[in-house]
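**Q** below is the sequence, then the predicted model.
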Amino acid sequence: MTLGQLVVDLKNIIGPGISVDDPGLTTWINEAYLFACDEISKNNPDYFTRDQVANSILGQQEYTLPSDFERMLMVNILYNGVWRRALPLSGVNDIPVISNTLSAQGFTYDLPRYYILGDINGIQKIGFMPIPSDNANNGIKIWYVFTPPELATSGDIPAFPKKYHHLIKLGAYANYLDQDDQHAEADSMRNRFEDRVLKMIESMEDNQVDANKSIIITNNYDLYVDQGYI
């Protein structure tokens with residue numbers, strides 16, 4: 001379901017004479033939606049994952065991470081024409097800024113690259129050691145846990161399976177009942193909503209909708225994949 005459809009359905013549940021505008025309804029929908037996302041993440045911390053590619057640039061050490069980045073899972077980088085797994089460099093809190101140098105920094109082509117995460121002027125960055133020594137289209141690929149954003153436009157779709165989208169309306173309706181001073185009814189509806197969310201998570205786990213990810217080696221480089229799909 002889209003946000004627009006959720007708003008329409010919520011209006012139908014509330015009935016005629018509703019005094020709340022669409023932005024108000026959207027706020028309640030997002031509160032319910034993000035609660036469900038949080039519960040999914042508690043059960044499976046790696047559920048909300050995605051990948052992104054970027055070009056590696058000769059002499060450039062730092063690259064901006066996606067705006068929804070929460071936690072890194074895996075990094076691959078094209079190094080001297082060969083895909084290699086980049087490993088997290090422990091014991092380093094900030095990216096050492098080393099600009100415009102082709103130095104291998106003591107590393108050799110026989111060793112994998114390393115990456116470090118940091119914040120530069122309020123922007124999340126990933127830095128590589130050694131610094132990339134060539135230009136490569138889509139030469140960097142990351143897999144990461146993302147933070148589901150709020151539903152903002154009418155076409156936005158929740159980030160979990162669509163067969164559970166209707167549950168969001170239950171939580172949103174509970175928020176409406178609270179606003180309408182129907183607190184007992186709101187508590188009952190909220191309990192129903194939270195119980196249905198827990199059952200959703202159990203069903204997702206039983207059906208392996210949120211299958212755990214694993215690392216496999218294919219053609220000399222790593223892939224982060226859903227188990228059973230490759």
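**A** Received it, and whenever you're ready, just let me know what you need.
**Q** which residue is the nearest non-sequential neighbour of residue 73?
**A** Leaving out its chain neighbours, the residue that sits closest to residue 73 by Cβ to Cβ, 6 or more residues apart in numbering is residue 143, at 4.3 Å. In this view, the C-beta of every residue, glycine as well, is placed from N, C-alpha and C.
**Q** who's the one you found bridged to?
**A** Residue 143 has these beta-bridge partners by DSSP bridges: residue 51, residue 74.
**Q** so it makes contact with residue 49?
**A** Yes. Contact criterion Cβ atoms under 8 Å: residue 143 and residue 49 qualify, at 6.2 Å.
**Q** can you give me the strands in the protein?
**A** All strands of the chain, identified by DSSP state E, fall at 49-56, 62-64, 69-79, 82-88, 114-120, 123-129, 136-146, 213-218, 221-226.
**Q** mind checking the pLDDT average for the fifth one?
**A** Per-region confidence: strand 114-120 scores 89 on mean pLDDT.
**Q** what lines up beside it in the sheet?
**A** strand 82-88 (parallel), strand 123-129 (antiparallel).
**Q** go through the ones you listed and pick out the most buried.
**A** Mean neighbour count (mean count of other Cβ atoms under 10 Å) peaks for strand 123-129 among the strands paired with strand 114-120, with a mean of 19.
**Q** specify the angle between that strand and strand 49-56 in degrees.
**A** 60 degrees (axes from the mean of the first three to the mean of the last three Cα atoms, to 10 degrees).
**Q** could you dump strand 123-129 to CSV, C-alpha only?
**A** What follows is strand 123-129, C-alpha atoms only, in CSV (Å, rounded to 0.1, in the frame of the first residue of the first chain):
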residue,chain,number,x,y,z
ILE,A,123,28.8,14.2,6.8
GLN,A,124,29.3,10.5,7.1
LYS,A,125,32.2,9.3,5.1
ILE,A,126,34.1,6.1,4.3
GLY,A,127,37.8,6.3,3.8
PHE,A,128,40.1,3.8,2.1
MET,A,129,43.7,2.8,2.9
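**Q** show residues contacting that strand.
**A** 61-65, 69, 72, 75, 77, 86, 89, 95-96, 105, 107, 113-119, 142 (Cβ atoms under 8 Å, 6 or more residues apart in numbering).
**Q** what does stretch 200-207 give?
**A** 36, 39-40, 43-44, 160-161, 164, 167, 209-210.
**Q** which one of those is nearest to residue 12?
**A** Residue 12 has its nearest neighbour among the contacts of stretch 200-207 in residue 167, at 16.0 Å by Cβ to Cβ.
**Q** excluding residues flanking it in the chain, which one is nearest the residue nearest the centre of the chain?
**A** Of all residues in the chain, the one closest to the mean position by Cα atoms, centre = their mean is residue 146, 1.7 Å from it. Closest residue to residue 146 apart from its sequence neighbours, by Cβ to Cβ, 6+ apart: residue 68 at 4.2 Å.
**Q** roughly how far apart are that neighbour and residue 54?
**A** With the distance defined as Cβ to Cβ, to the nearest Å, residue 68 ends up 15 Å from residue 54.
**Q** circling back to that earlier point, just the buried subset of the contacts of strand 123-129, please.
**A** 61-63, 65, 69, 72, 75, 77, 86, 89, 95, 113-118, 142 (16 or more other Cβ atoms under 10 Å).
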